[in-house]
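# Have a look at this fold, sequence not included:
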């Protein structure tokens, strides 16, 4: 007795015996011992992995030449919403009789065979109340019964389907169905894991024995063909979660020669990553039951499978096409009458007008248009842009064309836009902004935009092009297989070369912002150089680029530079550079010693910029609220340095700077937070931001950031009590806004530059009425996947999320009363739509889920500088609702049958005024005391 290599069981091995020798030796062994050996082999044979020699012998017994078997086929597809509480599903079932005959066997290899499969009496069944059992099926006439349906051939070799041979001219739905059936006969009887191709695509397949005649087949990591469209959002927070489970249970006859039954099942779920209650599910089952084994067929005697196929073609008087098991997706089937993009825009024109931006109405229409635009030709898209009837919605159409992200759409935009015209700046920028927010940029488009950056265009558009090509490249390199693509290096070198050739500060800041959008670690040394040695504005821009990188990119060099800037070692730095440096030190999981030094810096009286100290204190409190371990370390250090830190001078810092984080969404799937930071200088805002952050499974994403900046305004509001910091030389009056959407920074918007322009706005009352500052329709989620079911049908998974965003503001300033009032209003209409469907020529079924809300956020600030400076900041969000709807639909082409099931859910979200901090509350009480 010996142990087979790689086996866990003992096997009796006899070498070099001829038949008479074995008989003679057996006679020499006592009967009791022979019986013991027989029992031992029987036990091990039942519970051990089959040895290769035995496995090969068993395989050769499969599908005996000349035999024929009859099976009953039931193939079911069902759709429903995902989750623990689901409603009634929709779906269908295909039944048929399957005849399997073994026509040919290779004279050289008994495991190489040709099977003939014939699908007879195929019928479609649908869900009906008339069914004999609840939620059962009844027969319904369909085109399936009339489709061309001839016998087909399966080349079976040692459990693997090499090819299938199908009659020419058969409908694709019938071809896919037959491939799904043929895939069932691809199996191994050994416990192995290997890569296989079948109707599900290319999968990792594992086999596990359950008993001597039953085994389980499990498929994982299935990949569709490269020609199948696939869109994946590179950011997890904005992503879509698709989970799959595929398995089949096989039962063989006692002699392993006949497949008695196959029960295959699979389930696929698609959910929104940030809101996993919103999702859909498709499940498919294939049941094959043996009904008759007494049939016989006349074998064909040839030396090769090709000759056998030719012989069968003559007998059946048909021509076969040789194919692999992988199925093909059905051509797009219109639910109505295939509306063109031009027709859809005409029908929904009013919903895209400016007054509807910021609502779910425009977001819903945008998704509908986008699905059609992605299938449209360049000429069709250009026709829509060129139409004189669309002049009042051209900016929204530029959003649409940019979000389409096809080469055809880009060519249409390039043909329509006049990039050299200053008067068309808004339209040109709107297209490139939309393009930069896309989830799956095309290499051809990136190269074209890169070419545009070398041309001479108006300065504002020139910067937008630089920021766009950088953002496109950042998204491109996050997609699977693109991280080392040469276009990434080309864009990086273009930005670096452009920066090195700059002759003025505005040029440098443009390319530094481009490097921020690019987000490559290789650029860190260059950013550090400008942060440490550049002018005040250049240093701030470089620090913003460093701050935007993930903490993993902040190596020792970055932390050392941040330390130099914050503590002003060697030279003085702008307060914004210092606060950004403090952010890096605090967000990089600082050591106890680094945190100790930061806390001790709050006690320093040598630093006249008390607003920086106030900012750092606010940030430490903010992070402590978010991270209990960080907070515990802070408390521990304060106790150790009790005399230096635990006093009013440190804990009650002067200044108005503030930083806080407030939650606006909390769910098992993810959390949402508002982060507000205000850096004050000379009693007025110098740098501020309001950041909307989403987080799921440890990954966070800044969805939208509104940044405000100002300078040279201290003389308007400073008082004797709060002198302007002596280290800050008075600069030219300036103010503006920076917007970052989905991690992509836009070109800064400058409200005014210089005191003359400022006073002109003051006297004319510019901005005293609410005025739109930024409007867009932008993609949030974007997922498209064609998922081949092992039954042969192909499921389409499509999920899109769109935000219709309107940012408006107004400001009222009185030099006589020495006060000011401002309002920044954010309106966002969000629509997420997911569809899972299976289309064929004889039946169409789908589940659709939507999630919609209209969220608002108002930032109100009041400043009184009549005597002392008082700044009141209020952050409010009014009441809103979230609507979660599910629609399940089934249609049979060519008939009046249409089934629709709907489910509606409304969740109320109460409004709130966010508590900021104690100092802000005190200031508000001072301003509104009367």
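Received the coordinates, thanks. Since this is a predicted model, take the numbers as computed values, not measurements. Numbering: from 1, shown residues only.
# got the buried residues for stretch 71-89?
By 16 or more other CB atoms under 10 Å, the buried positions in stretch 71-89 come out as 71, 73, 74, 75, 76, 77, 78, 79, 80, 81, 82, 89. C-betas here are computed from N, CA, C, even on glycine.
# what's the answer for stretch 180-196, then?
Going by 16+ other CB under 10 Å, stretch 180-196 has these buried residues: 180, 181, 182, 183, 184, 185, 186, 187, 188, 189, 190, 196.
# top helix in the protein by residue count?
Ranked by residue count, the top helix of the chain under DSSP state H comes out as helix 459-478.
# mind listing what's buried in it?
Residues 460-478 are the ones in helix 459-478 that count as buried (16+ other CB under 10 Å).
# Switch the buried residues of stretch 180-196 over to TSV; also include distance to residue 641, pLDDT and secondary structure.
Compiled in TSV, those are given as follows (distance: CB to CB, whole Å; pLDDT from 0 to 100; DSSP: H, G, I helix; E, B strand; the rest coil):
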residue	distance to residue 641	pLDDT	secondary structure
180	72	97	helix
181	76	97	helix
182	76	97	helix
183	71	97	helix
184	73	97	coil
185	76	97	coil
186	71	97	coil
187	71	96	coil
188	69	95	coil
189	72	91	coil
190	69	92	coil
196	66	96	strand
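# for the residues you listed, which one is nearest residue 341?
Lowest distance from residue 341 to those (CB to CB) belongs to residue 180, with 34.7 Å.
# pretty sure that closest one is touching residue 285, no?
No - under the criterion of CB atoms under 8 Å, residue 180 makes no contact with residue 285, lying 11.6 Å away.
# which residues do those two both contact?
Common neighbours of residue 180 and residue 285, counting by CB atoms under 8 Å, 6 or more residues apart in numbering, are 75, 791.
# How many residues are close by residue 400?
By other CB atoms under 10 Å, 25 other residues sit near residue 400.
# list the contacts for it?
366, 369, 370, 373, 434, 777.
# Tell me the spacing between the fourth one and residue 384.
If you measure residue 373 against residue 384 using CB to CB, to the nearest Å, the figure is 9 Å.
# What's the local residue count around the residue lying closest to residue 295 once chain neighbours are set aside?
Excluding the flanking residues, the one nearest residue 295 by CB to CB, 6 or more residues apart in numbering is residue 68, at 3.1 Å. Using other CB under 10 Å, residue 68 has 18 neighbouring residues.
# and residue 68, which of the three is it?
The three-state label given to residue 68 by DSSP: H, G, I helix; E, B strand; the rest coil is strand.
# the helices in the stretch 201-350 of the chain, which residues?
305-316, 341-347 (DSSP state H, counting those that start in this stretch).
# Go through the buried residues of stretch 180-196 and name the one nearest residue 162.
Among the buried residues of stretch 180-196, and counting by CB to CB, the member closest to residue 162 is residue 186, at 9.8 Å.
# was I right about the residue nearest to residue 295 contacting residue 98?
No - applying CB under 8 Å as the test, residue 68 and residue 98 come out as separate, 11.1 Å apart.
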